[in-house]
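**Student:** show me the folded form of this:
(chains A and B)
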2 protein chains.
Amino acid sequence: MYRSNEQFYNRIFTSAEKEIFYNVLFSRRDVRKRFANRNIDDKTIYNILKAAHHAPSVGFSQPWNFILIKDNETRQRVKDSFLKERLKSVDLLNGDKERKEKYHNLKLEGIMESDLNICVTYDHKRFGPFVIGRMTVEEAGVYSVCCAIQNLWLAARVENIGVGWVSILNNLDLVNILNLPVDIKPVAYLCLGYVDEFSEAPDLEKEKWLKRTSLKDIVFFEKWEDKNNHNWNGFRKLDE
Amino acid sequence: MYRSNEQFYNRIFTSAEKEIFYNVLFSRRDVRKRFANRNIDDKTIYNILKAAHHAPSVGFSQPWNFILIKDNETRQRVKDSFLKERLKSVDLLNGDKERKEKYHNLKLEGIMESDLNICVTYDHKRFGPFVIGRMTVEEAGVYSVCCAIQNLWLAARVENIGVGWVSILNNLDLVNILNLPVDIKPVAYLCLGYVDEFSEAPDLEKEKWLKRTSLKDIVFFEKWEDKNNHNWNGFRKLDE
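**Tutor:** Predicted coordinates:
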């Protein structure tokens, strides 16, 4: 795999290798249904967690923990929290019959059907109180945990495992169900399982809930909302 | 590249392809120095931003913007903010002479030396107020932006571009310098440039500021702090 005199950390990737990487990235999906009836073996779980653990973190604080959950009783309690919170969300759509019905038909979690649940948490005290880069922007600690979650998600994809992030949950319920100490913040509740097929597009795009925005609508040059800077003409042409 | 009947979104990756992916992931670094004197061409910038834009987002809200910055005057103002905030951080270490000296010698940003700066922001109003999955956990919007940043970071690595996240900055300064509206939150300020070499380990690990923790210290089974659950013996053996 390596060219001469090349270490893994110093590799220069070929066009073909870049394509493989982008294939992983663009085919990652938020998966909530059609999990295959196969277990994820321990080595694969280990690989995915190692990928998460090698995310960047502010001041190298590595402020994350991963709770691996297979127990059905625990999952059922998490599912109950989801069902309760979902009802509250549905009520917010009372004035919009069409979206309310659409929302009702969406499959938004795979807590019981997936092989493995993972709760990812943030520990503000880890290696603190002085953490380089976190003294001015305190949220940078939580941001690091999110980078780890994205690493986990992509690693799962390359292993043909679908991941769904369930955010329709009450964090206080999670604290109780998983015995989290007061200073530990739950950041994500993930459901993982093999899938036989990854969807061509995100579910919410396919269901016409929302469209993917165009890159040219969200990229600015030099200052907020500047889309016409002449120094960026080359880039602007690509994005038309 | 594709096996028969296979679409990009449905690829099953071979062992060799997995290795390439993990090589990208494990060789990504937070880069603050030794940027090469080469420009990033527009197509490569476009690729990296597209990777970011294909991150997961809560309720498919895609709540991010990217401000591309090359202007030196703008950069200098950002650098001034860094210098000011760094001095404040140094003062916090007044009781710890050794760490204070070490901190002083660390290179913590490459704002002026890198080819391109990117400010990544969060727009809470995008496709709101009803965003699926954000009604219970409001921070999920910012979490999505962090996932986009990690995608950007990994895509930059596969393109042989180093990225440094500067979090020693005052967000109010960024708001002023980049003309951000009141409802737009700056999440990350990134410095990008080609590098001739990626470091074998994170700078703060090499400088012995902190060690990388072991996976077995941060993974729990079923509940917080449970490390001895017998159902997880197979996993525990891997992690010894």
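
**Student:** from here on, contacts and neighbour counts on C-alpha atoms
**Tutor:** Will do.

**Student:** which residues are in contact with residue A:69?
**Tutor:** Residue A:69 is in contact with A:75, A:116-119, B:221-223, counting by Cα atoms under 8 Å, 6 or more residues apart in numbering or on different chains.

**Student:** can you flag which of those residues belong to helices?
**Tutor:** Using DSSP state H, the members of these that fall in helices are residue A:75.

**Student:** for the contacts of residue A:69, which single residue is the most surrounded?
**Tutor:** residue A:117 (27 neighbours; other Cα atoms under 10 Å in any protein chain shown).

**Student:** so the helix or strand hosting residue A:237, near chain B or not?
**Tutor:** Per DSSP states H and E, residue A:237 falls inside helix A:233-238. Yes: with Cα under 8 Å from any Cα of the partner chain as the measure, helix A:233-238 is seen reaching chain B through A:234-235, A:238.

**Student:** for stretch A:89-109, same thing?
**Tutor:** Yes: contact of stretch A:89-109 with chain B (Cα under 8 Å from any Cα) involves A:89, A:92-93.

**Student:** endpoints of that stretch, how far apart?
**Tutor:** 14 Å (Cα to Cα, to the nearest Å).

**Student:** is stretch A:110-126 anywhere near chain B?
**Tutor:** No: interface with chain B: stretch A:110-126 contributes nothing (Cα under 8 Å from any Cα), its closest point being 9.0 Å away.

**Student:** what are the buried residues along that stretch?
**Tutor:** Within stretch A:110-126, the residues scored as buried using 16 or more other Cα atoms under 10 Å in any protein chain shown are A:110-124.

**Student:** please flag which of the residues you listed sit within strands.
**Tutor:** A:116-123 (DSSP state E).

**Student:** picking up where we left off before, check the buried residues of stretch A:110-126 and tell me the two furthest apart.
**Tutor:** Across these, no pair lies farther apart than A:113 and A:124, at 32.3 Å, counting by Cα to Cα.

**Student:** same for the lengthiest strand in chain A, what does it pack against?
**Tutor:** When chain A is scanned for its longest strand (criterion: DSSP E), the result is strand A:184-194. Using 3 or more Cα pairs under 8 Å, 6 or more residues apart in numbering or on different chains; DSSP states H and E, the elements in contact with strand A:184-194 are strand A:116-123, helix A:140-158, strand A:161-165, helix A:171-178.

**Student:** mean pLDDT for these - can I get that in a markdown table?
**Tutor:** What follows is the helices and strands packed on strand A:184-194, written out as a markdown table (pLDDT from 0 to 100):
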| stretch | mean pLDDT |
| --- | --- |
| strand A:116-123 | 98 |
| helix A:140-158 | 98 |
| strand A:161-165 | 98 |
| helix A:171-178 | 98 |
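
**Student:** re earlier: quick check, nearest of the residues of stretch A:89-109 next to chain B to chain B?
**Tutor:** residue A:89 (6.6 Å; Cα to the nearest Cα).

**Student:** elements contacting whatever helix or strand the closest one lives in?
**Tutor:** Using DSSP H and E, residue A:89 maps to helix A:72-92. Secondary-structure packing of helix A:72-92 (3+ Cα pairs under 8 Å, 6+ apart): helix A:97-105, helix A:171-178.

**Student:** buried stuff in the longest one?
**Tutor:** Neighbour-count burial for helix A:97-105, counted by 16+ other Cα under 10 Å, picks out A:100, A:103.

**Student:** between helix A:72-92 and that helix, find me the angle.
**Tutor:** Using axes from the mean of the first three to the mean of the last three Cα atoms, to 10 degrees, the inter-axis angle of helix A:97-105 relative to helix A:72-92 is 180 degrees.

**Student:** now do helix A:97-105: distance to the chain's middle.
**Tutor:** Distance, stretch centre to chain centre, for helix A:97-105: 25 Å (Cα atoms, centre = their mean, to the nearest Å).

**Student:** pLDDT weak spots in chain A?
**Tutor:** A:1-6, A:240 (pLDDT under 70).

**Student:** okay, now the domains of it?
**Tutor:** A:29-199, A:210-240 (automatic domain parsing).

**Student:** how far does the shortest one sit from the chain's center?
**Tutor:** Read it as domain A:210-240. 26 Å.

**Student:** next, the buried residues of it.
**Tutor:** Buried, per 16+ other Cα under 10 Å, within domain A:210-240: A:210, A:215, A:218-225, A:227, A:232, A:235-236.

**Student:** can I get those in CSV including distance to residue B:150?
**Tutor:** As requested, these are arranged in CSV below (distance: Cα to Cα, whole Å):
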residue, distance to residue B:150
A:210, 23
A:215, 17
A:218, 17
A:219, 17
A:220, 20
A:221, 21
A:222, 22
A:223, 23
A:224, 22
A:225, 23
A:227, 24
A:232, 24
A:235, 22
A:236, 24
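
**Student:** so who does residue A:211 touch?
**Tutor:** Residue A:211 neighbours (Cα under 8 Å, 6+ apart): residue A:205.

**Student:** SS state for it?
**Tutor:** Following DSSP: H, G, I helix; E, B strand; the rest coil, we place residue A:211 in the coil state.

**Student:** report the separation between it and residue B:62.
**Tutor:** Applying Cα to Cα, the value for residue A:211 to residue B:62 is 10 Å.

**Student:** repeat for residue A:85
**Tutor:** Taken as Cα to Cα, the span from residue A:85 to residue B:62 is 23 Å.

**Student:** which of these two has more residues huddled nearby?
**Tutor:** residue B:62 (25 against 18).

**Student:** got the contact list for the more buried one?
**Tutor:** Counting by Cα under 8 Å, 6+ apart, residue B:62 makes contact with A:212-213, B:53, B:56, B:126, B:144-145.

**Student:** redo those residues as JSON lines? Include distance to residue B:12.
**Tutor:** JSON lines is the format used below for the contacts of residue B:62 (distance: Cα to Cα, whole Å):
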{"residue": "A:212", "distance to residue B:12": "25"}
{"residue": "A:213", "distance to residue B:12": "28"}
{"residue": "B:53", "distance to residue B:12": "23"}
{"residue": "B:56", "distance to residue B:12": "20"}
{"residue": "B:126", "distance to residue B:12": "34"}
{"residue": "B:144", "distance to residue B:12": "26"}
{"residue": "B:145", "distance to residue B:12": "28"}
